[in-house]
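structure, please.
(chains A and B)
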Amino acid sequence: MGVGIQVEELNAWYGTTHTLQDINLHIPANHATALIGPSGCGKSTFVRCLNRMHETNPIARATGVVKMGDIDVYRDASPVEIRRRVGMVFQRPNPFPTMSIYDNVISGLKLNGFRNRRILDETVERSLKQAALWEEVKDDLKKKSGASLSGGQQQRMCIARALAVDPEVLLMDEPASALDPVSTSKIEDLIFQLKSQYTIVIVTHNMQQAARVAENTGFFLNGRLVEFDSTHKIFTNPHDKRTEDYITGRFG
Amino acid sequence: MSTTGNPSALEAPRKPSRGNALRRSAANYVVSGLAVLATVLVLAPLAAILFYLIYKGASSLNVSFFTRVPAPVGEEGGGMANAIIGSGIILAIASLIGIPIGIGAGVYLAEFGQGKLLGNAVRFTADVLNGVPSIVMGIAVYSLVVKQQMHYSALAGGVALAIMMVPTVTRTTEEMLTTVPHAVREAALGLGVPKWRTAVSVSLRTASPGIITGCMLAFARVAGETAPLLFTAFGNQFWSFKLNEPIAALPLQIFVYAISPYDEWHRLAWAGALVLIALIMISVTLVRIFANRGVLKGGS
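Coordinates of the predicted model:
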């Protein structure tokens, strides 16, 4: 089951660049939340702050409070623990090139020392079914490298890999931007099905995509959260003039 | 359509002029020709050495070369069996010490030491070590190991060669790890895999084909080294399997025989050189076959 995310006064820097300024936001549990905004507005930085991935960049820094359920992400747990509870799907599919499809999906468990074969087998099947990839790959699980799949299949495998560790939150950083329309619609169907069980945060450049999959939408501009509301409200009757300009295509 | 576009812009790319086409294909032939020429220039010395060794050495190869120890002066026959085994033992010691240290240092440089003072110091030391003449390495190990033990030994020879392997292995490991895309590391970190585990199980594994090549390069380079063994392994006319006794090695045996005044020994030296090169080629090939066994279909 997913948990809600409470963000208070989140600020982030890359070196001396202040990339996120005073973000306050509540992301509800078991819903999909879309983040839109022009390139460089801080959407990706924001999701990377949620699972502390920004810390892998030595010049990045963040202050503020992020609460996942009742856990304070920056104070109660190590980055490694947080990342086990928060799955992440990246912009470009990033399979482990030397591993089979099976090992790719199970890598989160295996690399953390989990060895029970029966449970591993079950997890691979469950995750690949959740990611709607099982039927396409079930005969080649251990024979083919994860890198041999098509781009769309690789991205669904990466989603299966994120789901295999049983996260509560799924962060997706433009998961369909490198994919063709058919693969994109498969990923969107997937988000639609998964959001009853996980809290999903999806960064997207595609406003139709936000409108299709998410209950709530946030609009970022120049490192600030301009507006956050139900997707319907954002796209039909936005509160802020800048949001209206962006969604009607007047800039960005 | 025809009224809107610029007619010359529409027609221009359709048909390259004859002169252009000729120039392009001529340039293509010239560059391909130069590439082939360069390949031939690289391969020619290698082929020449190999054929000359076969021409000079093959006639002296027989069963006793691989089964007997060197015969005393004046006696016919004898072989280099003890030197072949001795080289194997010394190289095994060198690889067991040198490869793990080299890979460990390379992982440190690429994954943890970027931009740090210690990282830069290690990288600089490795580069300097790479340029140290091999005879100096022999003298250094003589005073570090042989003087302490009070006698020459296989162990001292192995240590000398190990030190020579470390810089090559370190730098290739680092180079290969930096070619692993950042996205692959992020994938592992994003799954909650600790950094050290990501470095070992993901980065190192992804870079392993290149790292194996680097290790083989280092191995092949030290396999033919004579100078560092002169004051360490010392050489031995008889069988020796003990690590703390002087031991025979193919390059040493070749050196001793080649500077001797006897024709019979000269012939054996040629044969020894042929066997040395053949053994290096065989072991490198075996490692490659073994390393390729686990590679999956469609992997990169």
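
count the residues that sit near B:S134.
18 (other Cβ atoms under 10 Å in any protein chain shown). The C-beta positions use only the backbone N, C-alpha and C, and glycine is treated the same way.

B:G86 touches B:F234, doesn't it?
No: B:G86 lies out of contact with B:F234 (Cβ atoms under 8 Å); the separation is 10.5 Å.

what is in contact with the two at once?
B:I247 (Cβ atoms under 8 Å, 6 or more residues apart in numbering or on different chains).

more neighbours: which of those two?
The residue with more neighbours, out of B:G86 and B:F234, is B:G86; 27 against 21, by other Cβ under 10 Å.

OK, contacts around that one?
Counting by Cβ under 8 Å, 6+ apart, B:G86 makes contact with B:A154, B:A233, B:N236, B:S240, B:I247, B:A248, B:A249, B:L250.

and what of A:E227?
Neighbours of A:E227 in contact, by Cβ under 8 Å, 6+ apart: A:G218, A:F219, A:I234, A:P238, A:H239, A:D240, A:R242, A:T243.

those residues: which ones sit near chain B?
Residues of these in contact with chain B (Cβ under 8 Å from any Cβ of the partner chain): none.

would JSON lines of the residues you listed with neighbour count, secondary structure and pLDDT be doable?
JSON lines is the format used below for those (neighbours: other Cβ atoms under 10 Å in any protein chain shown; DSSP: H, G, I helix; E, B strand; the rest coil; pLDDT from 0 to 100):
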{"residue": "A:G218", "neighbour count": "26", "secondary structure": "strand", "pLDDT": "94"}
{"residue": "A:F219", "neighbour count": "29", "secondary structure": "strand", "pLDDT": "94"}
{"residue": "A:I234", "neighbour count": "27", "secondary structure": "helix", "pLDDT": "92"}
{"residue": "A:P238", "neighbour count": "20", "secondary structure": "coil", "pLDDT": "91"}
{"residue": "A:H239", "neighbour count": "13", "secondary structure": "coil", "pLDDT": "91"}
{"residue": "A:D240", "neighbour count": "14", "secondary structure": "coil", "pLDDT": "91"}
{"residue": "A:R242", "neighbour count": "18", "secondary structure": "helix", "pLDDT": "92"}
{"residue": "A:T243", "neighbour count": "23", "secondary structure": "helix", "pLDDT": "92"}
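
list the buried ones in stretch A:225-236?
By neighbour count on 16 or more other Cβ atoms under 10 Å in any protein chain shown, the buried set for stretch A:225-236 is A:L225, A:V226, A:E227, A:F228, A:D229, A:T231, A:I234, A:F235.

if we take the contacts of B:G86, which one ends up nearest to A:L109?
Comparing these against A:L109 with Cβ to Cβ places B:A154 closest, at 45.1 Å.

the residue of chain A found nearest chain B: neighbouring residues, count only.
For chain A, the residue closest to chain B is A:S148, as judged by Cβ to the nearest Cβ, at 2.3 Å. A:S148: 19 surrounding residues under other Cβ under 10 Å.

again with A:P38
A:P38, neighbours per other Cβ under 10 Å, totals 14.

just A:A162 next, same as before
For A:A162, the neighbour count with other Cβ under 10 Å is 26.

for it, which residues are in contact?
A:A162 is in contact with A:G87, A:M88, A:V89, A:G108, A:L170, B:G190, B:L191, counting by Cβ under 8 Å, 6+ apart.

which residue is the nearest non-sequential neighbour of the residue nearest in space to the middle of chain B?
Among the residues of chain B, the one closest to the centroid is B:L217, at 1.3 Å (Cα atoms, centre = their mean). Distance criterion Cβ to Cβ, 6 or more residues apart in numbering or on different chains; nearest residue to B:L217, sequence neighbours excluded, is B:T168 at 6.1 Å.

and the gap between that neighbour and chain A?
23 Å (Cβ to the nearest Cβ, to the nearest Å).

so that residue touches B:G214, yeah?
Yes: with contacts counted by Cβ under 8 Å, B:T168 reaches B:G214, the gap being 6.4 Å.

so the two - more neighbours on which side?
Using other Cβ under 10 Å, the more surrounded residue of B:T168 and B:G214 is B:G214, with 24 against 21.

what kind of secondary structure is that one in?
helix (DSSP: H, G, I helix; E, B strand; the rest coil).

give the contact list for it.
Taking Cβ under 8 Å, 6+ apart, we find B:G214 in contact with B:T168, B:V169, B:R171, B:T172, B:T173, B:E175, B:M176.

Serialize those to TSV and add fields for secondary structure and pLDDT.
What follows is the contacts of B:G214, written out as TSV (DSSP: H, G, I helix; E, B strand; the rest coil; pLDDT from 0 to 100):
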residue	secondary structure	pLDDT
B:T168	helix	95
B:V169	helix	96
B:R171	helix	95
B:T172	helix	95
B:T173	helix	96
B:E175	helix	95
B:M176	helix	95
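
determine which two of these are furthest apart.
Spatial extent of these (Cβ to Cβ) is set by the pair B:T168 and B:M176 at 12.2 Å.

now do the helices in the stretch 1-150 of chain A.
Ranges of helices in the stretch 1-150 of chain A, per DSSP state H, counting those that start in this stretch, are A:43-50, A:79-85, A:101-110, A:117-130, A:134-137.

correct me, but B:M137 touches B:I163?
Yes: between B:M137 and B:I163 there is a contact under Cβ under 8 Å: 5.9 Å.

mind checking which helix or strand of chain B has the lowest mean pLDDT?
Least confident helix or strand of chain B, by mean pLDDT, DSSP states H and E, is helix B:7-11 with a mean of 51.

how far off centre is the next helix or strand after it?
Per DSSP states H and E, the first helix or strand lying C-terminal to helix B:7-11 is helix B:18-57. Its chain's C-alpha centre and that of helix B:18-57 lie 24 Å apart, by Cα atoms, centre = their mean, to the nearest Å.

circling back to that earlier point, among the contacts of B:G86, which lie within strands?
Within the contacts of B:G86, no residue falls in strands by DSSP state E.

in CSV: these, plus distance to chain A and neighbour count.
Below are those laid out as CSV (distance: Cβ to the nearest Cβ, whole Å; neighbours: other Cβ atoms under 10 Å in any protein chain shown):
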residue, distance to chain A, neighbour count
B:A154, 36, 27
B:A233, 38, 33
B:N236, 44, 21
B:S240, 42, 19
B:I247, 39, 33
B:A248, 41, 29
B:A249, 37, 33
B:L250, 36, 28
